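Enquirer: Pasted the sequence and its predicted model underneath.
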Amino acid sequence: MAIIYERVGVLAHPLRPQTFPVAAQIADYLQSQNIDNWIYTRWEESDVVERIQGCDLVVAIGGDGAMLRAARVCAPKHVPVLGINMGQLGFLTEIPGPDSWEATLARVLAGEGWIEERMMVQASHMRGTDIVAVGDALNDIVISRGIVPRTIRLETYIDNDWATTYNADALIIATATGSTAYALACGGPILPPELRNILIVPVAPHLSMERPIVLSEGATVEVVAAMDNSSEIVLTVDGIEMGMIEPGDRVRVQASQHISRFVRLRERHYFYRSLLDRLEPRVQSRHQPVDKQL
């Protein structure tokens, strides 16, 4: 059954002014199609929460960072996101660039395409019996050392049973979506986005467990900062700092109740081709060979 889009939000990347004119063009186009719309250029996630309610679609302009920001605010309201790439990789976006959005958006508004659903994870930072912070991530939760180049000790429990104690620079707890981000750079496996798994990947482990662990959706991971840590420990959610972790603090990660939704026009098996094009980019050499004189 085709989706009818009656109210559409437009989110530019607040740190990339070059996305602002494109956002304005899209808003004008939506107005010409008699579609109720709103637009934000410089915004925080808290700014748009109320505006998301009642939307049928949000158009996010930027790179993967813009998609992550949009996904986090749209997921609780079950609103799908259509991404326009104006970043580098644009792995999560659907429209490859700012010059080709009109034809693609017209197809989406006409009811073409399908909705891709992706699992998210939730992190709860606890200090004693107090909950310090809670946040949802589409990519990953990262517990890492601060600026001092010293490893940190992280006691890790899976479903309330002790699994191992990592002595590492950081610990990544990722979704299938996040498996192709920081986790991949640290030697983690590639998981297709439809999988509902939780992935644990240590960063530069020293004399401790070094292999990634793949868990089921229902698993709970709890990480305790060992009492003998002397370095700063930072908790980030999709690259956004949530706060500092003190010795004895706990971070509990489990599947979020929210699901991210993305509008796709590509075939449903697009993931592998899209990934391989980025891992093995078909880029022509900038340097032409010099003809040798005989």
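Expert: Alright, I've got the coordinates.
Enquirer: Grab the nearest non-local neighbour of residue 174.
Expert: Taking Cβ to Cβ, 6 or more residues apart in numbering as the measure, residue 174 lies nearest to residue 140, with 3.9 Å between them; neighbours along the chain are not counted. C-beta coordinates here come from the backbone N, C-alpha and C atoms, glycine included.
Enquirer: So what's the residue count around that neighbour?
Expert: Counted with other Cβ atoms under 10 Å, the neighbours of residue 140 add up to 25.
Enquirer: Show me where the stretch 101-250 of the chain has its helices.
Expert: Counting by DSSP state H, counting those that start in this stretch, one finds helices in the stretch 101-250 of the chain at the ranges 101-109, 182-185.
Enquirer: just these: most buried one?
Expert: When neighbours are counted by mean count of other Cβ atoms under 10 Å, the highest per-stretch mean among the helices of the stretch 101-250 of the chain falls to helix 182-185, a mean of 19.
Enquirer: and the longest helix along the chain, what does it pack onto?
Expert: Of all segments of type helix in the chain, defined using DSSP state H, the longest is helix 20-32. Applying 3 or more Cβ pairs under 8 Å, 6 or more residues apart in numbering; DSSP states H and E, we find helix 20-32 packed against strand 7-11, strand 36-40, strand 57-62, helix 101-109.
Enquirer: what do you get if the cut-off is 7 Å, keeping everything else the same?
Expert: Contact partners of helix 20-32 among helices and strands, from 3 or more Cβ pairs under 7 Å, 6 or more residues apart in numbering; DSSP states H and E: strand 7-11, strand 36-40, strand 57-62.
Enquirer: So residue 163 is in contact with residue 155, correct?
Expert: No. With contact defined as Cβ atoms under 7 Å, residue 163 does not reach residue 155; the gap is 8.9 Å.
Enquirer: quick one, which of the helices and strands packed on helix 20-32 is nearest to residue 208?
Expert: Nearest to residue 208 among the helices and strands packed on helix 20-32 is strand 57-62; the distance by Cβ to Cβ comes to 37.1 Å.
Enquirer: Rounded mean pLDDT for the helix or strand just after the closest one, please.
Expert: Following strand 57-62 in sequence order, the next helix or strand is helix 64-74 (DSSP states H and E). Per-residue pLDDT values across helix 64-74 average out to 93.
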